[in-house]
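# just a sequence and a predicted model for now, questions to come.
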Amino acid sequence: MPPARKRKIRLIVALSAAVLLACALVVTSLGASSEAVTPSDLATARAGVAYQLTGKVQAGSVRATDSGVDFRVRDRNGTTTVPVTYSGAVPDPFRDGREVIVTVRKQRDTFVGEPNSLITKCPSKFTEDATRRS
Amino acid sequence: MATVGRALLILALAVAAYGIFASIYGARSGRPDWVVSGRRAVYAIAALVTGAFAILEVAFLRSDFTFATVAAHSSTTTPTFYRAAAAWSSQEGSLLLWLWLLSLWASLVLFLTRRTLRRVAPYATAVLLGFAAFFTGLLVFLETPFGLSAVVPLEGNGLNPLLRHPSMTIHPPMLYSGYTLFAIPFAFAVGALITRQVGAADWIRSTRRFALAAWFFLGIGILLGARWSYAELGWGGYWAWDPVENASLLPWLTGTAFLHSLMLQEKRGMLKIWNVSLVLATGILAVLGTFLVRSGILDSIHAFGASTLGVPFVILIGLLVASSIGLVVWRREALRSENKLDSPLSREAIFLANNLVLVAMAFIVFWGTFWPLIAEAITGTRRALGPPWFDRYTVPLAIVLVLLSGIGPVIAWRRATPSNARRNFLVPGLVALGAGALLAAFGAADKPLALAMFVCGAFVVGSVGQEFWRGVGVRRAMTGQGPLGALVSLVARNRRRYGGYLVHVGMAVLFIGVAASTAFNAARDIRMAPGQSVRVGGYDFTYVKPTSAISTTSSGELEKISFGAVVDVRRDGTKITTLRPERGYFPSLDGEGLGAIGRFFEGEATSEIGLKAGMRRDLWTAMTPDIRGLLPTIREGDRVFKAAGGKLSPEVQARALGAALTGLVNRYVTDPPPATFRIITSPLVTWIWLGAIVVFIGALIAMWPGGDAARRRVRAGYAARVAQDLAREDLARV
C-alpha cells in the first residue's frame, strides 16, 4: 500500500475513533451531570431531581439546627431566594453573603442539600472591596 | 509611593513594547545590537517590576492604608509574616506577582542563553515580552495595585484568617512560578518554529531545565494547596476537582508528558510535531489556569468574582491557540520524525503510551472542567460534573500511568527481547505479585481499583529498586567503593536518570496514599455532647470536655475567641491519642451595626483541626460548637455595651469587653452546648506528603547542573578557542 494512502487510512481511523469517544463522553457526561442553576431557575424545579445550586447566602437567613444548618440562597445579582436544608458540618468560610455551590433536591417546600456537597467560595477572592479606589 | 509604583509599571509597558520591536527588528534585519537591546529590555522590565513589587510589599508591611489594596487585604493586627503574603491575596497583587516572576525567570533564561540559540532567542524574547506587555497592560489599565483609598481608614479589613497558614503564603508564588516558567519553553518553541530550527535539539536542551523547574514549582504549588485544604479548611479532603484546582493540574499533566517525550526527540529525533504541540499546549494551559481564576467564567470556590479581565484573557488565549496551530501547520514538513518506532515492546513505545495516558487524563480533566460551557452549548442548560465522574475516568488512567512508570525504566530502547524482558521484569513482577497477594489476604481485594494501584506501585518500587541495585553493583565493581559511596557516585554521575527514577518512586508512593485514603477511609458527621462517644473506622472517639480561650495579638488586641473540645481516641479500649479540635471566631470588620460581642460571631470562623497523623493512618477531626444557647447572652451583652456607648473611656470599655468575653468563654466550659464533629479515619494520607517530598527531591537531583553540562561548557569553550586560533592562522596565511 502506498505510504500516502496508508497515512490517509490511519487519519480516518484516528478521527473516527476520536468522534466516537467524544460522543461517548457527551452521553456519559450528560447522564452524570446535574443541572447548574441559580435560585430563580428553581421556580420550575421538579421534586427528586438533583440540581447544582449556585448563589449567595442570604444575609440573616442562617439558622443552626440539630443536624446542620438551614439557610436561604439568593441570586448572585438578584433578589430571588430559595430555602436550603443542609445536614452535617459546613465549610469554614460559610457565612452570610458568601457564594456557595450545593447540590440540592426539592422536597416539599424546601431544597435538601446532599451531604458533603456544600462548598463555599474561597474567601481570598474578593473583588468587591469595601474600600473604594480613586 | 503609589504614584511611583504606577509610573514604574507604565515605564515597564513602554519598555516591553520597545523590546518586542527591537527583538523582531534585530532578528529580521540581522542586527545583533538590536537583538541585544531587546534582551536588555527584559532585564529592564525585571528591574522596574521588582521596584513596583517592592513598593507594594513595603506598603503592606507598613500597613499603609492609602493603598486601597492594602486597606482591603491587610490590617495592623495581621501578623507581619502574613502581611507580606497578603500582597498576593488580591487580584491586582497576584497579577503583579505573576508579572514579577515572569520577568525574573525570563531574564534568567535569556541571560543563560545569551551566547547560544542566536536565531531562536530574539523571537523567544519577543514572545516573553508579549506576555509581559499583556500583564503590565492589565495592571496599568484594568487592575492597578496602586489605586488610592478614597477615604484612608484607620484600620484595614485584614487578611482572611483562613489564609493565615504557612502553605498559603508559599502556594501562590510556587503556582505562579510554575505557570510563568512554562512560558519559557513555549516562547522558545515559537522561536524554533519561526526560524525553522526545530530539528536542532538545542532549544530543547536549553529550556528543558526550565520546563522541569516549571513542573517542579507547579507540583509544589498544587501539593501545598492540597495540604492547606486538608489541614485548614475543616472538610478533611485534599482534592475536590474544583475548576481552579483542575486548571493548575492541566499544564502539570501535559508538562509531565512533554518532559518524557522530549527525550525521544533528543535521543532519536522522533515525535517532533507531538513535542512541539505539547510544549505549546502547556504554555497555553498555564495562561488558561490564570484566566480561570480571574474571569469568573466557571463557578469555582477559588475563582475571583466577576471581573473585567475575562475578555482580554479570551483574546490572548484565542491568539495563542490560533498562532500555535498556524505555526505547527506551517512547519509540519520540518517536523517530520527522523526515525520510526521499531517495536511496540520498547522504551520508545512505553514513553508514547505514557504520553497518551497523560494527555488523555488532561483531556478528561479539561472536559469535566469546561463541561458546564460545553453542555450549555449542546443543550442550552448549564450542567456540572461532580467528583465521581472525574474519578471514574482518572482512576483507571492513573493506574495505567503508574504501571508504565515502572516499565519505562527497565525496558530496552528500540526493541525488548524475551531474554532481556525476563531479566528486567522478573524481580519487579515478583515484588508486585507478592505485595498484591499479601494485601488481598488482608482485605484489599474488596476494593479492586485500590488493589490494582497498590500492585502497580509495588511494581514501580521493584523496578526502580532493581535499577539502583544493579547500578550500585556495577559502580562497586568498577571503583571498589562501599555501597553508600557507590550509590552517591552513581546518582551524581547521572542525575537526570536517577533523579527521574526517584520521581517515579515518589509518584508511586503518592498514588498509593491517594488510593488507600480514598478507598478505605471512614467519615462521619456527628452531634455530641460532652461524655458521648462514636465509633468511626474501628476507633472510639469520646468528647471528653469543652475548652475555650481568648487570643490576643502581639500588640495586645483581641484577635479571636476559640471554642474547642478534648477528644479521647481509643481502639479496643486502649488509648491511642487525644485530639483537640477548635473553632476560632474572628471579629467582623464588616458593619457598623454589629455589637461589641456579637461581631466576634458574625466574622470569619476557622477550624483548627485535631489531627494525629501516622504512617499507617490519620485520625482527623474538626468541630463546630452549637452556640445557639449563647446567643441570648451575647445579645444582652451587646445591648449593655450599646447603652454605655460614649459614656465609658476607651480603657474602661476595653476592660469591660475583656471581662464580658472572659465570662462568655467561661460559661462555654461550665455549661457546654453540644457540638457537631466531623471525624475521619483515613489510611496512608501521610504517604501522599512523603511521596511528594520524594518526587521533589528526585526532581531537584534531575534539575541540578551536573557534570555533563560542565563538561559540555568546557568542551564548547575549548572548541571556540581552537576555532579562534585556526581563524588567526588563516588570516596570517592570507
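Yep, that arrived.
# can you tell me the element B:Ile550 falls in?
Per DSSP states H and E, B:Ile550 falls inside strand B:539-552.
# what's the first helix or strand after that strand?
strand B:558-571.
# show me the domain layout of chain B.
Residue ranges for the domains of chain B, per automatic domain parsing: B:522-687, B:709-734.
# just name the most buried of these.
When you average the neighbours per residue for each of these (mean count of other C-beta atoms under 10 Å in any protein chain shown), domain B:522-687 leads with a mean of 17. For glycine as for every other residue, the C-beta is placed from the backbone atoms N, C-alpha and C.
# ok now that domain, how far from the chain's centre?
31 Å (C-alpha atoms, centre = their mean, to the nearest Å).
# got it, and stretch B:49-57?
The answer for stretch B:49-57 is 23 Å, by C-alpha atoms, centre = their mean.
# and that stretch, what's its mean pLDDT?
For stretch B:49-57, mean pLDDT is 96.
# got a list of contacts for that stretch?
Where contact means C-beta atoms under 8 Å, 6 or more residues apart in numbering or on different chains, the residues beyond stretch B:49-57 that reach it are B:1-2, B:4-5, B:8-9, B:12, B:67, B:69, B:84, B:87, B:93, B:96-97, B:99-100, B:103-104, B:136, B:145-146.
# make it 7 Å
Contacts to stretch B:49-57, defined as C-beta atoms under 7 Å, 6 or more residues apart in numbering or on different chains, come from residues B:1, B:4-5, B:8-9, B:12, B:84, B:87, B:93, B:96, B:99-100, B:103, B:145.
# before we move on, what about stretch B:690-705?
The contact list for stretch B:690-705 (C-beta under 7 Å, 6+ apart) reads B:209, B:212-213, B:216, B:219-220, B:223, B:491, B:495-496, B:498-500, B:502-503, B:505-507, B:509-510, B:513.
# name the SS class of the spatially most central residue of chain A, please.
Taking C-alpha atoms, centre = their mean, the centroid of chain A lies closest to A:Gln52, which sits 3.6 Å from it. What DSSP: H, G, I helix; E, B strand; the rest coil gives for A:Gln52 is strand.
# on that earlier part again, direction included, what does the strand holding B:Ile550 pair up with?
In the sheet, strand B:539-552 lines up against strand B:533-536 (antiparallel), strand B:558-571 (antiparallel) (DSSP bridges).
# domain parsing for chain A?
Using automatic domain parsing, chain A is parsed into the domains A:1-33, A:35-120.
# from B:Pro251, how far off is the residue nearest the centre of chain B?
With the centre of chain B defined as its mean C-alpha position, the nearest residue by C-alpha atoms, centre = their mean is B:Gly221, 2.1 Å away. To B:Pro251, B:Gly221 is 11 Å away according to C-beta to C-beta, to the nearest Å.
# and for A:Arg95?
33 Å.
# with neighbour numbers in mind, choose between those two.
B:Pro251 (25 against 22; other C-beta atoms under 10 Å in any protein chain shown).
# mind jotting down where the strands sit in the chain?
No chain specified, so I'll use chain A. Residue ranges of the strands in chain A, as given by DSSP state E, are A:34-37, A:50-57, A:63-64, A:68-74, A:81-87, A:99-107, A:110-113, A:119-120.
# that answer is for a different chain, and I need it for chain B
With DSSP E as the criterion, chain B has strands at B:383-384, B:522-528, B:533-536, B:539-552, B:558-571, B:574-579, B:582-585, B:605-608, B:610-612, B:617-625, B:675-683.
# of these, which is nearest B:Glu232?
Closest approach to B:Glu232 among the strands of chain B is made by strand B:605-608 (7.3 Å; C-beta to C-beta).
# would the closest one count as contacting chain A?
Yes: Strand B:605-608 lies within reach of chain A by C-beta under 7 Å from any C-beta of the partner chain, at B:605-607.
# alright, I will stop here.
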